[in-house]
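>>> Pasting a predicted model and its sequence here:
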Amino acid sequence: MHSVTLNALRDPAVHPPDDASQPISRRALHLAVMDRLRRMITEGMLPPGAHLNERALCEHLGVSRTPLREALKMLAVERLIELLPNRGARVVMLSSSDIADAFELLSGLEALAGELACERITQAEVDEIQELHGAMDACHANGDLSGYFDCNQRIHDRINAAARNPSLTQMYQSVNGRLQALRFGSNLHAGKWERAIDEHVAMLDALHRRDGAALGRLLRAHLKAKCATVLANRRAAA
């Protein structure tokens, strides 16, 4: 298990996002704290199994314990962290079986979203996804993994929203949230990152052609490839 201390959070090798150490405004403070913690989990600042040091996190984020604890409760509902009786909280560590099951479900949800999106998406929405793809490409060219991942996720979110099925979106967001950190880490290998870019080019082409069957197949294959990479990385690290 990992223990996160203030010194660890200050370690320059961690490479936190640009806004990770900026003071948080008091508007909807616990929601802002939750978003910041979620991003820290996604980008590996708070790795799986890490025990969360409330004092260090409060100092790092510039907040009191009240909004931090509210944020932790909400992240526990999302199953990103687990609250331990009388022992604080820690980041959830998924088993290989948990990961395989979640990716299997997510691949089906994304495939269905792609099929429905091709039936229901507007041209304005396609144009927005095209712009996001361009921004994602630029991040890739600049080696900006954090920016790339943000654009990548926004593309997947836009396709899901274009399906016009709130129940599907709700389930997608729930399952995808648990896999964000793993999806982020799957791009750390240059070859895997290049393949992901090629897969997105093919997905965008299918979306432009409104070919729901093709987009569904591509999304399912894309998620299966992500899963294979994640599980291979886990075996290599064992």
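It's in. In this text, all values refer to a predicted model and were calculated from it rather than measured experimentally.
>>> just checking, Leu83 is part of a strand?
Yes - assignment of Leu83 by DSSP: H, G, I helix; E, B strand; the rest coil places it within a strand.
>>> list the contacts for it?
By C-beta atoms under 8 Å, 6 or more residues apart in numbering, the residues touching Leu83 are Leu72, Lys73, Ala76, Ala89. Heads up, the C-betas are built off the backbone N, CA and C, glycines and all.
>>> One more pass at 7 Å, please.
For Leu83, the contact set (C-beta atoms under 7 Å, 6 or more residues apart in numbering) comprises Leu72, Ala76, Ala89.
>>> So which of those wins on neighbours?
Leu72 (23 neighbours; other C-beta atoms under 10 Å).
>>> Distance check, that one against Leu204.
38 Å (C-beta to C-beta, to the nearest Å).
>>> Remind me which helix or strand the closest residue to Ala221 other than its chain neighbours belongs to.
Spatially, and ignoring its direct neighbours in sequence, Ala221 is nearest to Glu199 (7.5 Å; C-beta to C-beta, 6 or more residues apart in numbering). Assigned by DSSP states H and E, Glu199 belongs to helix 190-208.
>>> Could you look up the SS state of Gly49?
coil.
>>> now, which of the contacts of Leu83 sits nearest Leu223?
Closest approach between these and Leu223, by C-beta to C-beta: Ala76, at 25.5 Å.
>>> Glu82 is in contact with that closest one, correct?
Yes - here Ala76 reaches Glu82: they are 6.4 Å apart, a contact under C-beta atoms under 7 Å.
>>> And the most centrally placed residue in the chain, which helix or strand is it part of?
Nearest residue to the geometric centre of the chain (C-alpha atoms, centre = their mean): Gln180, 2.7 Å. Assigned by DSSP H and E, Gln180 belongs to helix 166-185.
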